[in-house]
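Participant: Let me see the structure of the following:
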Amino acid sequence: MGKGATSLVFFGLNKQNEKVVIKKIDSRRDAEQESDIIKNLPVHKHIITWLDFFVEEKNGYLVLEYHPGARLGHFKKGIIYDQKLAVQITINILEGLKVIHQHGILHCDITPHNVLIRNEDPQTVKIIDFGSAVRTNKSGEYIGNHKGATRWYRPPELKKENNIFTANLDKSSDVYSAACVCLYLLTGFAPFRKKQTCQQISNSCLQKVLRKATRRSKSKRFQSAQALIAALLPFS
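Facilitator: Numbers count the residues shown, from 1 in each chain. Below you'll find the model as predicted:
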């Protein structure tokens with residue numbers, strides 16, 4: 001069905017003969033971490049649902065709900081969406097992120113490749129792939145295996161130093177990535193240069209919103225998924 005950098009994805013059938021997705025992850029530790037994160041999230045229409053986890057021959061396997069849609073897009077280039085549709089899709093990604101954040105988790109890799117959609121229907125949006133996700137500790141710091149996220153969508157605070165990714169992340173980091181996905185949908189290209197990409201948006205008010213969401217400084221961005229949702233609603 002599909003292949004990632006450290007995983008393979010297959011279709012399967014459960015005991016009720018219903019289609020499911022099985023994700024095989026090379027590292028058992030990484031598989032257990034991802035499984036634990038998704039398992040502890042509530043069932044939500046914009047988040048992929050955890051069903052089961054098992055280990056076989058040192059590999060970890062996640063069993064997830066089957067979604068009949070396809071990825072929202074590829075990393076670099078896609079189709080240009082109508083403004084209203086692009087904004088509605090982004091709002092629903094943010095609705096999923098809002099729930100993820102409420103449970104002390106950051107996704108850390110929101111891209112068109114990690115969102116599923118069916119027939120361009122915003123209501124079918126599903127966030128997938130929590131392989132880079134991190135969770136908060138008792139001190140409120142987000143800890144975990146920072147895998148660097150995807151170029152062009154990752155926030156500038158996620159930096160690579162000596163071949164290791166270090167970060168000082170918060171909720172605005174995921175919000176930044178969601179805004180980058182919106183720019184991708186509106187322009188048809190990954191936002192290689194955020195400021196110039198924002199300037200391509202014909203609606204000056206929407207351009208201003210997305211420019212704020214993709215500021216380099218975290219303190220100057222929208223501080224939560226709900227804050228960006230409220231700013232985008234007039235354009236949906």
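Participant: Please count neighbours and contacts with C-alpha atoms only from this point.
Facilitator: Will do.
Participant: how about Ile127, what does it touch?
Facilitator: Going by CA atoms under 8 Å, 6 or more residues apart in numbering, Ile127 touches 46-48, 93, 96, 110, 114-116.
Participant: Recalculate using a threshold of 7 Å.
Facilitator: Residues near Ile127 by CA atoms under 7 Å, 6 or more residues apart in numbering: 46-48, 93, 96, 114-116.
Participant: Could you list the low-confidence segments of the protein?
Facilitator: Along the chain, segments meeting pLDDT under 70 span 1-6, 143-148, 159-167.
Participant: what's downstream of the longest helix along it, the next helix or strand?
Facilitator: Scanning the chain for the helix with the most residues, using DSSP state H, yields helix 83-102. Per DSSP states H and E, the first helix or strand lying C-terminal to helix 83-102 is strand 105-106.
Participant: chain center to the helix or strand that comes right after that next one, what's the gap?
Facilitator: Sequence-wise, the next helix or strand downstream of strand 105-106 (DSSP H and E) is strand 115-118. Distance of strand 115-118 from its chain centroid, counting by CA atoms, centre = their mean, to the nearest Å, is 11 Å.
Participant: Go ahead and name everything in contact with strand 115-118.
Facilitator: Strand 115-118 is contacted from outside by 68-72, 124-128, using CA under 7 Å, 6+ apart.
Participant: taking these one by one, which sit in strands?
Facilitator: Applying DSSP state E to the contacts of strand 115-118, the entries found in strands are 70-71, 124-127.
Participant: before we move on, back to that, name the helices or strands packed onto the longest helix of the chain?
Facilitator: Judged by 3 or more CA pairs under 7 Å, 6 or more residues apart in numbering; DSSP states H and E, the packing partners of helix 83-102 are strand 121-127, helix 171-187, helix 225-232.
Participant: which one of these lies closest to His101?
Facilitator: helix 171-187 (6.8 Å; CA to CA).
Participant: how does this structure divide up, domain by domain?
Facilitator: If you go by automatic domain parsing, the domain ranges for the chain are 2-65, 70-235.
Participant: Quick check: which of those domains is buried the most?
Facilitator: Compared across those, domain 70-235 shows the largest average neighbour count, a mean of 19 (mean count of other CA atoms under 10 Å).
Participant: start to end distance for that domain?
Facilitator: 25 Å (CA to CA, to the nearest Å).
Participant: How about stretch 131-149?
Facilitator: Chord length of stretch 131-149, first to last residue, is 9 Å (CA to CA).
Participant: could you dump the contacts of Ile127 to a markdown table with distance to Cys198?
Facilitator: As requested, the contacts of Ile127 are exported to a markdown table (distance: CA to CA, whole Å):
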| residue | distance to Cys198 |
| --- | --- |
| His46 | 26 |
| Ile47 | 28 |
| Ile48 | 30 |
| Ile93 | 19 |
| Gly96 | 24 |
| Asn114 | 22 |
| Val115 | 22 |
| Leu116 | 24 |
